[in-house]
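Colleague: Only the shape, not the letters, is given here:
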């Protein structure tokens with residue numbers, strides 16, 4: 001089995017030296033794990049799970065640190081410094097991650113964060129990053145079903161909402177009208193598939209589909225009031241964000257649930273909020 005650059009590999013300790021241990025890199029030869037990363041009581045014959053990258057002299061080197069991104073993944077990283085060749089991102093290792101100018105959508109600035117994809121450059125055999133993330137999405141048709149839970153990375157704001165990267169593979173979109181919490185580029189969170197379009201684009205929502213049914217939310221609201229002294233300091237004029245913070249539903253669903261309980265004479269409404277009717 002060949003080693004994988006830019007990923008974790010399980011390798012055998014074959015030699016100890018004053019400045020660390022050497023690991024068996026098979027056809028790549030022996031790979032140094034510097035002393036600072038060598039576990040206590042490490043011995044020849046032990047197998048260690050290490051991340052492999054290239055040091056400042058382009059030699060393979062191992063670490064037990066976990067970087068902020070691995071080859072094949074997307075992440076939001078901060079620019080540490082810039083030179084005449086490109087930008088260098090902090091990815092949690094001794095040597096920064098290089099983004100050539102040709103892989104930048106706009107000129108990267110020190111201190112700013114950008115969503116990038118990490119990969120091995122075939123010509124130079126270096127781990128590099130690219131801000132042109134679309135070209136690294138999977139070409140396969142997504143097999144998600146509606147309501148499937150996914151992990152997303154918020155990528156960028158658009159006129160329609162927020163673009164997101166799904167499960168390190170696909171692009172998706174959260175629509176403004178269905179977002180009830182603050183979002184920003186670089187956030188990672190759970191989302192749910194609303195639909196997969198024929199053009200492979202994926203629509204996402206942040207609240208679990210089905211929970212927005214009125215009868216479901218009416219019960220949730222009634223139970224909340226019963227366990228909070230029969231009152232709630234929200235009403236149909238409250239900001240959508242405040243409603244989402246408490247119940248994780250849209251203002252539309254909240255208002256319908258309130259209306260349902262009011263019609264059934266289970267609650268009273270006031271400028272201060274909602275009260276359970278005492279029977």
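Modeller: Arrived safely. On a predicted model such as this, the values are computed, not experimentally measured, just so you know.
Colleague: contacting residues for the closest residue to residue 16 other than its chain neighbours?
Modeller: Nearest non-adjacent residue to residue 16, counting by C-beta to C-beta, 6 or more residues apart in numbering: residue 44, 6.5 Å away. All C-beta atoms are positioned from the backbone trio N, CA, C, and that covers glycine. Neighbour list for residue 44: 13-16 [criterion: C-beta atoms under 8 Å, 6 or more residues apart in numbering].
Colleague: closest to residue 142 among those residues?
Modeller: Lowest distance from residue 142 to those (C-beta to C-beta) belongs to residue 13, with 41.7 Å.
Colleague: That closest one contacts residue 41, doesn't it?
Modeller: No: in this structure, residue 13 is not within contact of residue 41 by C-beta atoms under 8 Å, at 11.4 Å.
Colleague: between the two, which one's more packed in?
Modeller: residue 13 (19 against 6; other C-beta atoms under 10 Å).
Colleague: quick one, what contacts that one?
Modeller: Contacts of residue 13 (C-beta under 8 Å, 6+ apart): 21-24, 33, 42-48.
Colleague: you'd agree it is in a strand?
Modeller: Yes: using DSSP: H, G, I helix; E, B strand; the rest coil, the assignment for residue 13 is a strand.
Colleague: Is it bridged to anything, and to what?
Modeller: residue 23 (DSSP bridges).
Colleague: how near is it to residue 81?
Modeller: With the distance defined as C-beta to C-beta, to the nearest Å, residue 13 ends up 34 Å from residue 81.
Colleague: Counting neighbours, what do you get for the nearest residue to residue 70 once chain neighbours are set aside?
Modeller: Spatial nearest neighbour of residue 70, excluding adjacent residues (C-beta to C-beta, 6+ apart): residue 7 at 5.3 Å. When neighbours are defined as other C-beta under 10 Å, residue 7 has 17 of them.
Colleague: Equivalent analysis for residue 28, please.
Modeller: 13.
Colleague: doesn't residue 62 make contact with it?
Modeller: No: taking contacts as C-beta under 8 Å, residue 28 lies outside contact range of residue 62: 11.1 Å.
Colleague: show me the contacts for the residue nearest to residue 70.
Modeller: 51-52, 70-72 are the contacts of residue 7 under C-beta under 8 Å, 6+ apart.
Colleague: Now intersect the contacts of residue 13 with the helices, please.
Modeller: Residues from these lying in helices, with DSSP state H as the criterion: none.
Colleague: name the element residue 242 belongs to?
Modeller: helix 240-247 (DSSP states H and E).
Colleague: From residue 98, how far out is the nearest residue to residue 101 once chain neighbours are set aside?
Modeller: The shortest distance from residue 101 to any non-neighbouring residue, by C-beta to C-beta, 6+ apart, is to residue 86 (5.0 Å). Residue 86 is 6 Å from residue 98, where distance means C-beta to C-beta.
Colleague: Residue 205 now?
Modeller: Distance from residue 205 to residue 98, by C-beta to C-beta: 37 Å.
Colleague: and the contacts of residue 7, which are buried?
Modeller: Listed as buried from the contacts of residue 7 are 51-52, 70-71; burial here means 16 or more other C-beta atoms under 10 Å.
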